[in-house]
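Asks: sequence and computational prediction follow.
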Amino acid sequence: MQTRIAALFLCLYLCALHANAALELAPGMDQVPLAGKLQYLEDPSRKLTLGDLTNDAVNYRFNPSPAHQSLNFGYSASAYWLRLPIHAGQGAAREWLLEFAYPSLDSVEVFAPDGKGGYLQMQSGDHQPFSARPYPHRNLVFPVTLQPGKELTLYVRITSAGNLTMPATLWTPEALHQYDLQTYPLFALYYGALAALAIYNLLLFFLIRDRRHVEYAAFAGCMIIAQASLNGFGNQFLWQEYPVWGNGVFPAAMGATGFFGALFTRSFLETRRTAPGLDKLILICVAWFAIAAIGPFVFPYRLAAINVSLSGIAFSVLAVAGGVLCLMRNGPGARFFLIAWALLLVGVAVTGARNFGWLPTNDLTSYALQIGSALEMLLLSSALADRINSMRKEKERAQADSLAVQRSMVEALQQSEVELEDRVALRTRELADANIRLQESEEALRHLAYHDNLTGLANRALMEDRITQAIEHAKRYDFVVAVLLVDLDRFKPINDSFGHSAGDEVLKAIGRRLRDCVRASDTVARIGGDEFVAVLDQLQAPEDAARVAQTISRALSEPFMVEGRALGISASIGLALYPAHGSDAQSLIRYADKAMYVAKSEARTSGTYVDSTVPPVLPTT
């Protein structure tokens, strides 16, 4: 047990030694990335002061940062304290610059020893005017003076309502200046390319009046503003003394970029015509981006920033899906559009994942959005050009085809105008006659397909279709649908005694009587040798069906005159109602069939109308 306790204390001691190890600066060093070298302490209450950090209870709460990774705490409401012990060796540079390469941080306070036992406090961030920064730079930079051979400890307090990304580097002034000389031309190329594409498409809009070009130009313009804010150039050159605008412009501009990007996608893919379902989703994203654009000035900044990140990721996926759909349909410019949005999707996804702290902060994740957006803008412009080229080629082909047709028509008319007129007239008559015969044949076939040959009534297929239509109508207007199944009881003796011709005449007469008992909008069908069905639509109450059943019963009880003979039959009627007894044609017919057999059984004993709950039936004798 004592061995375990000793081992535990040894581990704690070694961790404390590692946490307090100073950063060694040797001669010749001019750039030191601080990924994995900073120690951090989370202050959820935001109440800790510099004096509190000297307390041992607080001092041991500092944690080492992950190796080779810049600190990134996502969207957090806490304040974070950073600690950096530095030991400058003999011959090391005296003047250094501590850089935080994320200009969107609200407040960064650096506490450096002043050599008199106290600390010099420096503050920067996008809540301050640019003129108040301790060092003029697009990023948040703080001058630090070291004494060779001595050790000092820097403390940094960082708060931000947005993403808490802390890519920190220690530079000599000359090294930072050289780095800026190398990177600024790349930024200039990036912004120049976006501006050129925006102006070019704006001029195209004035020439051809295609709204896709003005939407693209607005899309590119908002992207320029957003990236200028993200890279710190907006705070340095555009709105130096307006920190309120500088703080909110990045999420607002990104929301506006998404707004015009969604409009451009909708116009380019023509989703209103080609994909109505996708079009509705894009319109939802348009509204979402509009809210995101005004969010930083209306809602809490952190909520607005999270909203922008989520909306950007969601719409990028949606745009790629639209591009795939357009490519499958061989839409003009679909290949360029799909590749463009796929590249931007990667950039947005990497940036969003970095903002939430899911990916480490490095050069790739820091500039993923710029890289993706630059490639996307170039490819989208190519997609527009490809679309224009495709439309031009289609127009040329259509014009060429039209001219060829016109030329052939003129030549044919010149060769034999009279002959052509005669042939046209003859052909017209032949086509008209053929069309009439075809219509008659189709009508006859349609009638045979849906009607009984003997009685002319509807057959089973047409009856089931009429029941289905009646049910759909009843669902909308709360009607009752009734299905009456009529089975003849003494019909076979007529065939046996007087022949099938007499039986056929009786069946025809039954069909006529059934049609007379129902409305013109109702359907009467023959579904078997001696089985008939009446479909009653748009009934107000079940009692209406019972009254029709009684009418049919009385009509069928009258004798039938066939070849001078009065023939009498009996019938059993089964009644099924929608929605009480079924929700589709098959279930209603089955229910009516069961009801008919109950009626047939009851009729053998009583010969009167039977009104039972399972099922309601009406027998006749």
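Replies: Everything's here; your move.
Asks: care to break this structure down by domain?
Replies: The record's domain parsing of the chain by automatic domain parsing lists 21-171, 188-391, 460-619.
Asks: among those, which gets the worst mean confidence?
Replies: Mean pLDDT is lowest for domain 188-391 out of the domains of the chain, coming in at a mean of 81.
Asks: got the domains of the chain as JSON lines, with mean neighbour count and distance to residue 417 columns?
Replies: All C-beta spots, glycine's among them, are computed from the backbone N, C-alpha and C. Formatted as JSON lines, the domains of the chain follow (neighbours: other C-beta atoms under 10 Å; distance: least, C-beta to C-beta, whole Å):
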{"stretch": "domain 21-171", "mean neighbour count": "17", "distance to residue 417": "79"}
{"stretch": "domain 188-391", "mean neighbour count": "20", "distance to residue 417": "38"}
{"stretch": "domain 460-619", "mean neighbour count": "18", "distance to residue 417": "51"}
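Asks: roughly how far does the residue most central in space within the chain sit from residue 287?
Replies: Centroid check for the chain by C-alpha atoms, centre = their mean gives residue 281 as the closest residue, at 4.4 Å. According to C-beta to C-beta, to the nearest Å, residue 281 and residue 287 sit 11 Å apart.
Asks: now residue 177
Replies: Taking C-beta to C-beta, one finds residue 177 at 46 Å from residue 287.
Asks: quick one: residue 503 from residue 455, how far?
Replies: Taking C-beta to C-beta, one finds residue 503 at 12 Å from residue 455.
Asks: right, I mislabeled it, should have said residue 75
Replies: 77 Å.
Asks: also residue 583?
Replies: Remark: distance between residue 583 and residue 455 (C-beta to C-beta) = 29 Å.
Asks: check residue 448 too.
Replies: 13 Å.
Asks: same question for residue 327.
Replies: Taking C-beta to C-beta, one finds residue 327 at 57 Å from residue 455.
Asks: residue 303 too?
Replies: Counting by C-beta to C-beta, the gap from residue 303 to residue 455 is 73 Å.
Asks: go on, residue 230?
Replies: Relative to residue 455, and taking C-beta to C-beta, residue 230 is found at 81 Å.
Asks: over to residue 100?
Replies: 92 Å.
Asks: now swap in residue 130 and tell me
Replies: 94 Å.
Asks: report the contact partners of the closest residue to residue 315 other than its chain neighbours.
Replies: Counting by C-beta to C-beta, 6 or more residues apart in numbering, residue 285 is the residue found nearest to residue 315 once chain neighbours are left out, at 4.6 Å. Counting by C-beta atoms under 8 Å, 6 or more residues apart in numbering, residue 285 touches 258, 262, 311, 314, 315, 318.
Asks: name the SS class of the third one, please.
Replies: Look at residue 311: counting by DSSP: H, G, I helix; E, B strand; the rest coil, its state is helix.
Asks: surely it touches residue 289?
Replies: Yes: using C-beta atoms under 8 Å, residue 311 makes contact with residue 289 at a distance of 5.9 Å.
Asks: picking that back up, wait, isn't the residue nearest to the centre of the chain in contact with residue 315?
Replies: No: at 9.2 Å, residue 281 does not count as touching residue 315 under the criterion of C-beta under 8 Å.
Asks: that older thread, tell me, what's touching residue 311 and residue 289 both at once?
Replies: 255, 258.
Asks: and residue 228, how close does it get to residue 123?
Replies: 23 Å.
Asks: oh sorry, the question was meant for residue 510
Replies: 100 Å.
Asks: over to residue 498?
Replies: Residue 498 is 114 Å from residue 123, by C-beta to C-beta.
Asks: return the residues in contact with residue 151.
Replies: By C-beta under 8 Å, 6+ apart, the contact set of residue 151 is 22, 85, 86, 87, 88.
Asks: so which of those is the closest to residue 273?
Replies: residue 86 (64.4 Å; C-beta to C-beta).
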